[in-house]
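# Just a sequence and a predicted model for now, questions to come.
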Amino acid sequence: MKCSFHRCCECLRCCGRRDPRPRTVWLGHPEKRDQRYPRNVINNQKYNFFTFLPGVLFNQFKYFFNLYFLLLACSQFVVEMRLGALYTYWVPLGFVLAVTVIREAAEEIRCYMRDKEVNSQIYSKLTARGTVVGVVLYTGRELRSVMNTSNPRSKIGLFDLEVNCLTKILFGALVVVSLVMVALQHFAGRWYLQIIRFLLLFSNIIPISLRVNLDMGKIVYSWVIRRDSKIPGTVVRSSTIPEQLGRISYLLTDKTGTLTQNEMVFKRLHLGTVAYGLDSMDEVQSHIFSIYTQQSQDPPAVKGLTLATKVRKTMSSRVHEAVKAIALCHNVTPVYESNGVTDQAEAERHYEDSCRVYQASSPDEVALVQWTESVGLTLVGRDQSSVQLRTPGGHILNFTILQIFPFTYESKRMGIIVRDESTGEITFYMKGADVVMAGIVQYNDWLEEECGNMAREGLRVLVVAKKSLTEEQYQDFEARYVQAKLSVHDRSLKVATVIESLEMEMELLCLTGVEDQLQTDVRPTLETLRNAGIKVWMLTGDKLETATCTAKNAHLVTRTQDIHIFRLVTNRGEAHLELNAFRRKHDCALVISGDSLEVCLKYYEYEFMELACQCPAVVCCRCAPTQKAQIVRLLQERTGKLTCAVGDGGNDVSMIQEADCGVGVEGKEGKQASLAADFSITQFKHLGRLLMVHGRNSYKRSAALSQFVIHRSLCISTMQAVFSSVFYFASVPLYQGFLIIGYSTIYTMFPVFSLVLDKDVKSEVAMLYPELYKDLLKGRPLSYKTFLIWVLISIYQGSIIMYGALLLFESEFVHIVAISFTSLILTELLMVALTIQTWHWLMIVAELLSLSCYIASLVFLHEFIDVYFIATLSFLWKVTVITLVSCLPLYVLKYLRRRFSPPSYSKLTS
């Protein structure tokens, strides 16, 4: 059998793909398949087997920091430039690259395993229930939801870019120092080679250990986040950007399933003259009981006649018609499962209530059907051609499905034509959004007003209508409908036209109101984020009234704030007038629809973004997935601030991938957003702790770590500069071989790296006072000011140690090395102790371990250090004096600063 289908997805053109063309599908003849199509799998990996190593290396060496060290190591193959053993340059670089490759490989493997698990789950769902009949035309990357997203990319954090910028400054300092040294030699001899040798000699100014320390720190932060028992289920999918969490200025969040539970509860049935809420559902139930009690007493022949000839319907019949329409017009399928007592076949045969589960593509649909069950009309069976309802008395009503018109985002409605098997009546039922149903139903004076009222209460409103058809009317429609579906050209348009011929003058039955309840602790979480200086924008596909009500209900908009609802605009002139009206408002939240947003961004992008960024909160409703990503991109470009996007569904993936930091919430819409995000959480409330505690700690710790590693390298570089200047500007290294490698590894690595465990306040305090987070938005922990302070400290300490060693040494050069190197190690250990704000037992272990390693290694360093000299009293007092002079003034300054100009958190820790 051969079927030909036309590609109807226009987004292939805009995505730059090949032009749409018919697709031929051979049913039952796989050997005739002449073209391969994408596999139906999820793939969130950044690399494949062949691109992994080249991709990782490219991402490493495209930045100045790593490229510099590669060139530095390669220069040692030139004999005239060689200053020491090759391993002193290649081993550190190889170690840095190995750590990066292993980390990226671990993340890729984890990503592959997660994708494999999800793909197998999808397959098991398809094969779990017997025979599945259907044709899948578009799979994998050809799905609309996938084409709405971009390819996974390697995100580089702002912190890493700032560190990269600091290394460029250090490189500039390196060049200046080298030129000064050669200039003081009056550019004698082969001065150009001397410049290169000095560049290599002072290469420690840019510490190669900085990159590996920061990368290992990120791994620790990710591990701590995963191990936090107060945010269970949190997964770090991208360990390269934990510091981003500490500097978020804009949070863009989805509504349904993110702020709300995506668990729908039926709250309101409105019939125009009367409305039923949760407290009056028993009245609806009594109406349904009375109808079917009355029908059971009447003969079948009279029953249809009496119901059809009533001119003025009683309230019971009006309620019954509404409930029956809701019970029939949907895409829900009841599924029966074994409960341990009753097997599946028996449960399905007897419509066992305890074994029945409702399955549907939308939780709204399930909520409606569950409600009809609660009032007495139960959906007990459904297949492709029939629906079975059970009355309160246990009688089964059989309906034949003649046609079904599924819901689409374009039509915003769904319909079904059924035949009642007991009476032969044919009825067309339809439900949809009020904006489209208002032009379909018969004239009334209450629909628009009541829809607005219900939406303001935060309810998701559907309009339900029906139309009775005679057999002749239906046969005529079916003939035209079948003919339209067989059309080769403009099939979709012709089919829609035929359906629209039915959608006229339909009888309005009721309005339904379903509430999507807020997730736990959404209000305090949003308040925490607001107090932390983070502006929250809500981007949703819901209608304006519902989105506005949810924003108020969640306290995204406070009670004291005004709300400016941006009028619907369609052209440049209207947009200009509305922007001027909005400009006159102050400190008010903005609510705007996706259509108006598109017009404003087309003509007045700069003006709109400038005004919107001044708002305390923004709500964008009726937003398409591509619009969400566009808003994120514009915020990044216009403000230069960091953005965080939070969502739970496939339509949020593009926004999550575009943001500086993407957070996925594992919800009822699947794991697509969670798998594509940088961080995955199980509840929205966990976002507060993720930012306030882990984000803040990660940023502050990395800032302290990076500056201390730079300080450690600048100290030894200053000592080298002093040494060279004293000895007639000779390009001779002060420390060689294992001393230079050991200094930044086993002698100081553990204490310095232990700074990743430091914290200024307890996590409870950070959550209680989110204002502490606001201080980080200015980037003060790692700024040019703090960088300059650490440079000055390094120059001071390096000069004191080197000049002290030169003044106090006795006779031999090795004594200078012994005194200066020992003083340098002790100074670094004391400086770590000076920097630490909250001691951890591992910090003490690191300090003692490093000191022990140095003392023990002295026995094996006789090539560089006089072992007999270091055992003398003269060595001990000289090292003690130099170390005290280099560190004591800094301890005094730290005490005075804390005494007279304490930081903001000091009062909270006292």
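Cool, got the structure.
# What helix or strand is His564 located in?
In the assignment (DSSP states H and E), His564 maps to strand 562-565.
# what lines up beside that strand in the sheet?
According to DSSP bridges, strand 562-565 forms sheet pairs with strand 588-593 (parallel).
# what does the average pLDDT come to for the partner strand?
If you average the pLDDT over strand 588-593, you get 91.
# ok, now stretch 47-57?
So the average pLDDT for stretch 47-57 ends up being 84.
# residues making contact with that stretch?
Residues outside stretch 47-57 that contact it (Cβ atoms under 8 Å, 6 or more residues apart in numbering) are Lys46, Leu97, Thr100, Val101, Glu104, Ala105, Glu108. Backbone N, C-alpha and C define where each C-beta goes, glycine included.
# what sits against the fifth one?
When you say that, I think you mean Glu104. Glu104 touches Tyr47, Phe52, Val56, counting by Cβ under 8 Å, 6+ apart.
# for the stretch 1-150 of the chain, which spans come out with low pLDDT?
Scanning the stretch 1-150 of the chain for pLDDT under 70 picks out 1-23, 25, 27-36, 42, 83-85, 88, 121-137, 140-150.
# cool, the stretch 751-900 of the chain as well?
Using pLDDT under 70, the stretch 751-900 of the chain drops low at 810-814.
# Going by residue numbers, what spans are helices in it?
763-768, 771-774, 784-808, 813-835, 841-857, 873-900 (DSSP state H, counting those that start in this stretch).
# any idea of the mean pLDDT for the helix or strand hosting Met216?
Using DSSP H and E, Met216 sits in helix 209-227. For helix 209-227, the mean pLDDT works out to 89.
# Show me what that helix packs onto, helices and strands only.
helix 64-75, helix 87-127, helix 158-184, strand 235-236, helix 696-726, helix 749-753 (3 or more Cβ pairs under 8 Å, 6 or more residues apart in numbering; DSSP states H and E).
# List the buried residues for the fifth one?
Yep, that's helix 696-726 we're talking about. 696-724 (16 or more other Cβ atoms under 10 Å).
# Straight-line length of stretch 578-597, end to end?
12 Å (Cα to Cα, to the nearest Å).
# for it, which positions count as buried?
Buried-residue list, stretch 578-597, by 16+ other Cβ under 10 Å: Glu578, Leu579, Phe582, Cys588, Ala589, Leu590, Val591, Ile592, Ser593, Gly594, Ser596, Leu597.
# Identify all contacting residues around that stretch.
By Cβ under 8 Å, 6+ apart, stretch 578-597 touches 544, 547-548, 551, 556-557, 561-570, 575, 600, 604, 607-608, 611-612, 615-624, 627, 631.
# Which among the helices and strands packed on helix 209-227 is found nearest to Thr872?
helix 696-726 (22.4 Å; Cβ to Cβ).
# And for Leu161, the neighbour number?
As a burial measure, Leu161 scores 11 neighbours (other Cβ atoms under 10 Å).
# how near is Asn571 to Thr626?
Distance, Asn571 to Thr626, using Cβ to Cβ, to the nearest Å: 22 Å.
# More neighbours: the two, which one.
Neighbour totals were compared for Asn571 and Thr626, and Thr626 leads with 15 against 10 (other Cβ under 10 Å).
# wait, doesn't that one sit right on Val653?
No: with contacts counted by Cβ atoms under 8 Å, Thr626 stays clear of Val653, the gap being 11.2 Å.
# Might you report the residue contacts of Ser222?
Val236, Ser239, Pro242.
# who's in contact with Lys412?
Gly432, Ala433, Val435, Val436.
# Serialize those to a markdown table and add fields for secondary structure.
Shown next, in a markdown table, are those (DSSP: H, G, I helix; E, B strand; the rest coil):
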| residue | secondary structure |
| --- | --- |
| Gly432 | strand |
| Ala433 | coil |
| Val435 | helix |
| Val436 | helix |
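# any idea of the mean pLDDT in the host helix or strand of Ala575?
When secondary structure is defined using DSSP H and E, the element that contains Ala575 is helix 572-583. The average of the pLDDT scores along helix 572-583 is 91.
# what angle sits between that helix and strand 588-593?
Helix 572-583 and strand 588-593 meet at an angle of 160 degrees, taking axes from the mean of the first three to the mean of the last three Cα atoms, to 10 degrees as the criterion.
# how far is helix 572-583 from where the chain is centred?
33 Å (Cα atoms, centre = their mean, to the nearest Å).
# Show me which positions of stretch 659-668 end up buried.
Buried residues in stretch 659-668 (16+ other Cβ under 10 Å): Ala659, Asp660, Cys661, Gly662, Val663, Gly664, Val665, Glu666, Gly667.
# Can you name the residues bridging to the fourth one?
Spelled out, it's Gly662. Ala645.
# who are the neighbours in contact with it?
Cys644, Ala645, Met655, Ile656, Ala676, Ala677, Asp678, Phe679.
# any idea which of these has the most stuff around it?
Busiest of these [other Cβ under 10 Å] is Ala645, holding 32 neighbours.
# And stretch 576-595, end to end?
OK, stretch 576-595 end separation, Cα to Cα: 15 Å.
# let's number from 162 now, not from 1
Sounds good: first residue 162 from here, last item stretch 737-756.
# ok so, going back, among the contacts of stretch 739-758, name the buried ones.
Applying 16+ other Cβ under 10 Å to those flags 705, 708-709, 712, 717-718, 725-727, 730, 736, 761, 765, 768-769, 772-773, 776, 778-785, 788, 792 as buried.
# Just the ones of these in helices?
Within these, residues falling in helices by DSSP state H are Leu705, Ala708, Thr709, Ala712, Ala736, Cys761, Glu768, Phe769, Leu772, Ala773, Gln788, Ile792.
# any idea which of these is the one closest to Val649?
Distances from Val649 to these, taken by Cβ to Cβ, are shortest for Gln788, at 34.2 Å.
# Now the closest one: closest residue in space, sequence neighbours ignored.
Excluding the flanking residues, the one nearest Gln788 by Cβ to Cβ, 6 or more residues apart in numbering is Gly755, at 5.5 Å.
# Just give the number of residues close to Glu759.
Counted with other Cβ under 10 Å, the neighbours of Glu759 add up to 16.
# Report how many residues lie close to Thr843.
Thr843, neighbours per other Cβ under 10 Å, totals 15.
# so it makes contact with Glu827?
Yes: contact criterion Cβ under 8 Å: Thr843 and Glu827 qualify, at 5.3 Å.
# what touches both of those two?
Gly394.
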